[in-house]
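**Q** My questions are about this predicted structure, shown below with the sequence.
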6 protein chains.
Amino acid sequence: MSGPTHIPPAHWNLDSIVSGLREARVAWRGPRGRLREDAGLREFPSQESLRQIIKDLCGALFPMRLGPIDLREEVEDFYVGHTIGAALDALLHQVCLELQYVGRPEQAATPGTRERAIEIVRQFGAELPRVRAALDLDVTAAYQGDPAAHSVDEVLLCYPGVSAMIHHRLANVLYRLDVPMLARMVAEIAHADTGIDIHPGATIGSSFFIDHGTGVVIGETAIIGDRVRLYQMVTLGAKRFPPGENGELKKGLARHPLIEDDVVIYAGATILGRVTIGKGSTIGGNVWLTRSVPPGSNVTQASLVSDMPDCGLGG
Amino acid sequence: MSGPTHIPPAHWNLDSIVSGLREARVAWRGPRGRLREDAGLREFPSQESLRQIIKDLCGALFPMRLGPIDLREEVEDFYVGHTIGAALDALLHQVCLELQYVGRPEQAATPGTRERAIEIVRQFGAELPRVRAALDLDVTAAYQGDPAAHSVDEVLLCYPGVSAMIHHRLANVLYRLDVPMLARMVAEIAHADTGIDIHPGATIGSSFFIDHGTGVVIGETAIIGDRVRLYQMVTLGAKRFPPGENGELKKGLARHPLIEDDVVIYAGATILGRVTIGKGSTIGGNVWLTRSVPPGSNVTQASLVSDMPDCGLGG
Amino acid sequence: MSGPTHIPPAHWNLDSIVSGLREARVAWRGPRGRLREDAGLREFPSQESLRQIIKDLCGALFPMRLGPIDLREEVEDFYVGHTIGAALDALLHQVCLELQYVGRPEQAATPGTRERAIEIVRQFGAELPRVRAALDLDVTAAYQGDPAAHSVDEVLLCYPGVSAMIHHRLANVLYRLDVPMLARMVAEIAHADTGIDIHPGATIGSSFFIDHGTGVVIGETAIIGDRVRLYQMVTLGAKRFPPGENGELKKGLARHPLIEDDVVIYAGATILGRVTIGKGSTIGGNVWLTRSVPPGSNVTQASLVSDMPDCGLGG
Amino acid sequence: MSGPTHIPPAHWNLDSIVSGLREARVAWRGPRGRLREDAGLREFPSQESLRQIIKDLCGALFPMRLGPIDLREEVEDFYVGHTIGAALDALLHQVCLELQYVGRPEQAATPGTRERAIEIVRQFGAELPRVRAALDLDVTAAYQGDPAAHSVDEVLLCYPGVSAMIHHRLANVLYRLDVPMLARMVAEIAHADTGIDIHPGATIGSSFFIDHGTGVVIGETAIIGDRVRLYQMVTLGAKRFPPGENGELKKGLARHPLIEDDVVIYAGATILGRVTIGKGSTIGGNVWLTRSVPPGSNVTQASLVSDMPDCGLGG
Amino acid sequence: MSGPTHIPPAHWNLDSIVSGLREARVAWRGPRGRLREDAGLREFPSQESLRQIIKDLCGALFPMRLGPIDLREEVEDFYVGHTIGAALDALLHQVCLELQYVGRPEQAATPGTRERAIEIVRQFGAELPRVRAALDLDVTAAYQGDPAAHSVDEVLLCYPGVSAMIHHRLANVLYRLDVPMLARMVAEIAHADTGIDIHPGATIGSSFFIDHGTGVVIGETAIIGDRVRLYQMVTLGAKRFPPGENGELKKGLARHPLIEDDVVIYAGATILGRVTIGKGSTIGGNVWLTRSVPPGSNVTQASLVSDMPDCGLGG
Amino acid sequence: MSGPTHIPPAHWNLDSIVSGLREARVAWRGPRGRLREDAGLREFPSQESLRQIIKDLCGALFPMRLGPIDLREEVEDFYVGHTIGAALDALLHQVCLELQYVGRPEQAATPGTRERAIEIVRQFGAELPRVRAALDLDVTAAYQGDPAAHSVDEVLLCYPGVSAMIHHRLANVLYRLDVPMLARMVAEIAHADTGIDIHPGATIGSSFFIDHGTGVVIGETAIIGDRVRLYQMVTLGAKRFPPGENGELKKGLARHPLIEDDVVIYAGATILGRVTIGKGSTIGGNVWLTRSVPPGSNVTQASLVSDMPDCGLGG
């Protein structure tokens, strides 16, 4: 009597669910003055669009490696121009969305939103050659830093640390052009793909390399010099306590570490607060560090316990 | 003589590979009595379907943020009803698959499988408004807990910790409705996307926030109060040893920590076993803790070494 | 006066961006002798293709679980043969790409590249039944090792540790057949999906299980026995310092741990260098270990501090 | 030496082709004053968008037949509202594009373009229930008119004549609301799919049926009564000659036939000019007719030759 | 002040449209007893599914021509078995849908619907080798019949007449197995693609060829011998009048022409009614014929006028 | 007792179907010497690829009308170069396939196949600017020839006759470059989309326009002058009889009409054989013509019957 199509006459009380959800939305929107959401439009930038924009930019930055599989050199410049043109047009739309966003009411009244957006995108586009050059140095650093790497191409295509840096260097340009939400969304794309969480505000020098990478966290005001190398699960974070502290750090305060040139930080090390790791230092695995160390230091768990009893070890 | 189509006349001995794989399947299925797999049908729930169901539910829960990019308020309720209707129909199919699953033979004989599935889905649907309200509190907690957050919308759209909680609150409803495999599959979707691994059985209070999140693990019987905050690489796990212990914990035993209200646990902290972290406590980074602490405690690596020599430090 | 289509007459100075990027490419390619890239073709293997190949192989290895949702047993062998045939054809193309890769100039001159590629793929195909049998043991180990697992099917479909092992056992065959870049690309697919980073060169015995898994790193020359179990954030790495060491380890040197049968390593443990963990040992959470331990050892943080003060604790 | 990837180093002289095409565009645009195309934007409505809009409207008009395959009645109104909402939003964009189209310069200056577009779409939406009712009568006529039809559902889903009428009744509403290009584009979608070419301006009464349909052409000012039936390759066209006529018919002149109620026109018949086919007449196959016939006529090729020698037979 | 996202706050009165459409549906369903549509499920076969099934069967019938672009012979049988298996499974679902269809209430009560559906699909599958052999003859006929054809492969891949016959020979098997709606839907797929409208009930002998094809109509009870050739716009239809006839032909009556072996019918010829065209006859272009002709006839418009004044020329 | 997943344990005797189909293939391939199909590869050009190539070329020819919806003029040349580059690369592959095709064995031995293919594609590319200019004239002719046309853009985007000519002018270039199968495949794409069947070998002058178009057939050796206009169901065919003729016309013989400048041919007219229609003539609807007419003729059905009794009227 039954067949494959005999699905039961289920009933979900959809009217009740829909009205329950509507009430929940009203309860949320009311206190926030959002009951009339600016003509009822969703006004937030789109992660899907950004993902496509970044993918296109990756192709345009490295056409023979991340562009279309069968690209030939005769077509290279055409491809690059076409792809960047489309990506910047799409980015313009997203920048407008961020600038108009209701959370920044002072800007809603500004008549020049569109003009500002165009200027931002134009400057972003102009930075791309510089970004490419910086990424070439990162790729070279990864290739030289990992004895297992076979070629710069393998590094570019396979290494999550390199992928994270492509995203970061683009996100950082957006951050400096004052579209921080777009910057953050780009960073979270890399975070989801690689497990590496670099705040787009972080300032990172040339020839930077993160190996393995899962669990790395780098905070907004971190400053990293040239030729620095990091391993998985390294945190460059803010020192959020001792107890009694308010915990509501003011935005923009320099609260993350300053890592000087040629530092290596091994897996699981945690460095917190606006401390300085001096040039050429090595920070051992799982080390927990909340104070500055001079250039050339070699910090290990053992050294912390034996040599520096008063060093502020611990949370 | 050759051209782009001159692919070599390769031969893979496919007959041999196919028969080798068939033998491997028989060797596996035989001892498990699966040689005749209930008319030869694949009967397990589908991760792809669940992924779509969750995506649709996200859109229905937050229509103007996670729904279609151009949704307008006039269409909102229609969209919500249509989308939830489709998602619950699809979920019904998955619930039937889990209930009929051969691994639970006692249920295969029950004639009321379909009716039970319908009842489960109906109750799941009825929970959605409550889930939305709970997620609003989580979003607010994230917004207030991170000084870098620009708006509640950014938090909802970008923060992996919030994404993990959307999945968890849905997975937890499924878990409580006794479809644990579907619940687990939903949790693993979030795990793959965010690196945050929350067992769907974990009980989590309101206004919960996980920052950064990569590497967080929360076990099945963990109980977490209100306004709790966690950072990356925190483990709330089971205490699987000291040596000599059998290690085969009985399912369902309360074996994970109980975290009371207003606790903050910093990155890398590991808390194991059915211990209680008292209300308002702060657990420092990288702390390894296997005993209860009273309300208002401030536990750091240093404090563990100096102040609590008998605290069970270590594995 | 304006409408939804009134996008501003933006201008990005595309000509300038395109020429800037061209200069950056020339600056990169020139020193590497790549200004004429072998007729202008992109010659690197494709991650997208590999992802599809692996997906097809997963379906062919476990047709009733990872194959098409509605596969029936009558069709099983046809499906397996068709799918493996297509996957091996596609793999042949990728193997040719790796063999011809410009970074290995000595092979570009070899006329037998195609024949070698065919032979590699043929051997790879012949290994598939053995891989399936090995994975069945891994699945069983996961099922037996996690009290929360409901069935072997749930383990196969949901557990990131099992997914990582499917990828690893395939990647390892590629590695041993001397196409290390393809092997690495397969490993990175699993790394991105699961947060588990196993170098394809690692030798792993039967019945291996990784629980939770995020942050696990296993190095190229690691050797792991049978029935070993690992938890999240375990590192089996190379011992890259004490200070003064050159750090440029020669490729191929045995530099990662040797884990004997029946060892369990808990979350966050870090084992570095060519040390041996004796049969049946247990390594506790967060332990940092750089020396060998005899069979039956039970190593914890506490034991390291109290019992083995000279054990090389630390980086 | 070669392999599957050895594609020749072809070169297409792309620079020359691109500049040749640019010159061809300039040669075209110059005389039309299009060298600066209103900020360089493509401003014409999109056939792809219209195709999707029509598909959505078909689903909303017949939700259980042309809507999603698994729609249930509980969800029906939600689906209809959601789908129409999305379709009308998309249509608004297309209407704006037509109204702003450069070919109608008098409207470019009108500030109320958007308001007019909204009003057009609102009226279009309000017509949908009436369109559905009219289509129900068409479906019934097809079912009753073809002895081979098994059910009204088969007629709705399979008959190209019914598909053409769904498109026509929607296109005709657009035509009457003064967006003739959109109307035409909808008509051409049906033309491509069914080979039936009905100008959107044609006025067609109720219970209309076209059997087989390939090659049917119905002109802009044709007026068709109720219960009319047509077969394949029937033309209701304009009488474009006798020789000496200018041939540039003024737009809007009534120049196509007027078919009264209950007329049947068999395959291949051609009726040209503003002639009237009286109520209840039958026009035989392949008849060529350029004069009016009274009600109840039965016109065949034979009757034209023998009984009406002066009837204007021929072109 | 405005930007690209400033879409107007349009409002479509969706509630009113939705309720208007609901009323239209109720007005339609009420008189047909469909207000409760068998648990609210859409139960009609799906054209999309059939399209995929036919596409798969085409690939399986001609694997090296219509199968996957890169199929190799080693994989051929695996591909064929896998593809036919999937297609027949999908067809089973569609057959069940037709058998359960509410328009055939006598079958809804039959418990053996599923068993009948399985038997139908099994017989359909068993016919496939015969269908392939018949199509090979059709392809050969097309190749020999058109001097412009370069190869049998070109004929198979490019000729709409051949595509129509692939669909017809499959549709005819379905028709003879008593699933006439599925048969009709397959025929309409070919009709939409090629403009050739062959009723699935038509009986067509071997080595049949339609050139160009647009506008060809072949009726349900037509019988066509071997080696027959047709050109575009040929109709083999039912004789629906002389005037006064009721026009409601009873289903199943033999009412279409019987074309004997080796007949050629040129473009635009119309043959109506159960007449016999004798073996080896030639019917000229645009001829209108409603009586039988003996074997070896050569019928032209001229011959009809001059030699056969009583031949029933005309409608 | 059953649920939605209880699909019956159907069995299709796949082994038998597969072997039956294999035998049918062997029976077909054996006599054609195809049992070993050149290493088992499918070597015929791909209709799907050609469809994409043509779509890309359409976009490149008319970037602001048929290119991406949001193309801006700054990007235009980049888009054109990128798109043509990709299209020509893809076309090169298809040309190689045709040249290597087994049906032309004399070429299989030619070592220069690839070089010839490159030369063909290079010449094809060089023709594109000329094709664009010719199409501009066709568009203008359509705009001027149809009083219902609102703009040249509407004509380009909506008129099937224009779409057919875009395909024809590209197909004709391929035909003249001696890749007739690719040319034919392009023509059949237009045939399927528009019902207009123009052999790619037909020579068509400038400013050509086909209105409505369904059922038009234009033969291989037809030659059409400038400013010619055609309506639906016009045939310019070969005269295949009087009876007794062999019917196997030799390929390449001039056997289709020669239409001089400024001719108009109305719907349904059929002109057969190598006849000449003199400059400026008008051919009436449904006229059947097999002889030449002088310039300035006005041929109608009536004129054929009354004025030209010996004109060869009829088949």
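**A** Arrived safely.

**Q** May I ask which helix or strand of chain A has the lowest mean pLDDT?
**A** Ranking every helix and strand in chain A by mean pLDDT, DSSP states H and E puts helix A:105-108 at the bottom, with a mean of 48.

**Q** who does the following helix or strand past that one touch, helix- and strand-wise?
**A** Heading C-terminal from helix A:105-108, the first helix or strand you meet, by DSSP states H and E, is helix A:113-145. Applying 3 or more Cβ pairs under 8 Å, 6 or more residues apart in numbering or on different chains; DSSP states H and E, we find helix A:113-145 packed against helix A:47-61, helix A:73-100, helix A:152-158, helix A:160-176, strand A:209-210, helix C:14-29. No exception for glycine: its C-beta is placed from N, CA and C like everyone else's.

**Q** do the longest one and chain B meet at all?
**A** So that's helix A:73-100. No. Helix A:73-100 lies out of reach of chain B by Cβ under 8 Å from any Cβ of the partner chain, never closer than 9.5 Å.

**Q** I'd like the distance from that helix to the chain centre, please.
**A** Distance of helix A:73-100 from its chain centroid, counting by Cα atoms, centre = their mean, to the nearest Å, is 20 Å.

**Q** Could you name the helices and strands sitting against that helix?
**A** Right, helix A:73-100 is packed against helix A:47-61, helix A:63-66, helix A:105-108, helix A:113-145, helix A:180-194, helix C:14-29, helix D:14-29, helix F:76-100 by 3+ Cβ pairs under 8 Å, 6+ apart.

**Q** Quickly check: the fifth one near chain E or not.
**A** What that stands for is helix A:180-194. No. Helix A:180-194 is not in contact with chain E by Cβ under 8 Å from any Cβ; minimum separation 14.5 Å.

**Q** what's next to the helix or strand just after that helix, contact-wise?
**A** Using DSSP H and E, the helix or strand that follows helix A:180-194 towards the C-terminus is strand A:197-198. Strand A:197-198 has contacts (Cβ atoms under 8 Å, 6 or more residues apart in numbering or on different chains) with A:164, A:167-168, A:171, A:187, A:190-191, A:204, A:216-218, B:212, B:214, B:232.

**Q** So what sits opposite residue A:258 in the bridge?
**A** residue A:223, residue A:276 (DSSP bridges).

**Q** what's the neighbour count on it?
**A** The local packing of residue A:258 (other Cβ atoms under 10 Å in any protein chain shown) involves 19 other residues.

**Q** can I get the helices and strands packed on helix A:73-100 in CSV with mean neighbour count?
**A** CSV is the format used below for those (neighbours: other Cβ atoms under 10 Å in any protein chain shown):
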stretch, mean neighbour count
helix A:47-61, 19
helix A:63-66, 20
helix A:105-108, 11
helix A:113-145, 20
helix A:180-194, 24
helix C:14-29, 17
helix D:14-29, 17
helix F:76-100, 24
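
**Q** Residue A:208: which of the ones you listed is closest?
**A** helix A:113-145 (5.6 Å; Cβ to Cβ).

**Q** now the closest one and helix A:160-176, what's the angle there?
**A** On the basis of axes from the mean of the first three to the mean of the last three Cα atoms, to 10 degrees, helix A:113-145 is oriented at 150 degrees to helix A:160-176.

**Q** So the residue nearest to the spatial centre of chain A versus residue C:301, what's the distance?
**A** Among the residues of chain A, the one closest to the centroid is residue A:187, at 2.2 Å (Cα atoms, centre = their mean). For residue A:187, the distance to residue C:301 equals 34 Å [Cβ to Cβ, to the nearest Å].

**Q** again with residue A:207
**A** Taking Cβ to Cβ, one finds residue A:207 at 36 Å from residue C:301.

**Q** out of those two, which sits in the busier spot?
**A** residue A:207 (22 against 19).

**Q** doesn't residue A:138 make contact with that one?
**A** Yes. In this structure residue A:207 lies within contact range of residue A:138 using Cβ atoms under 8 Å: 6.4 Å.

**Q** wait, does stretch A:51-68 make contact with chain D?
**A** No. Residues of stretch A:51-68 contacting chain D under Cβ under 8 Å from any Cβ: none, with a closest distance of 13.5 Å.

**Q** That stretch near chain F at all?
**A** Yes. Judged by Cβ under 8 Å from any Cβ, stretch A:51-68 comes into contact with chain F at residue A:68.
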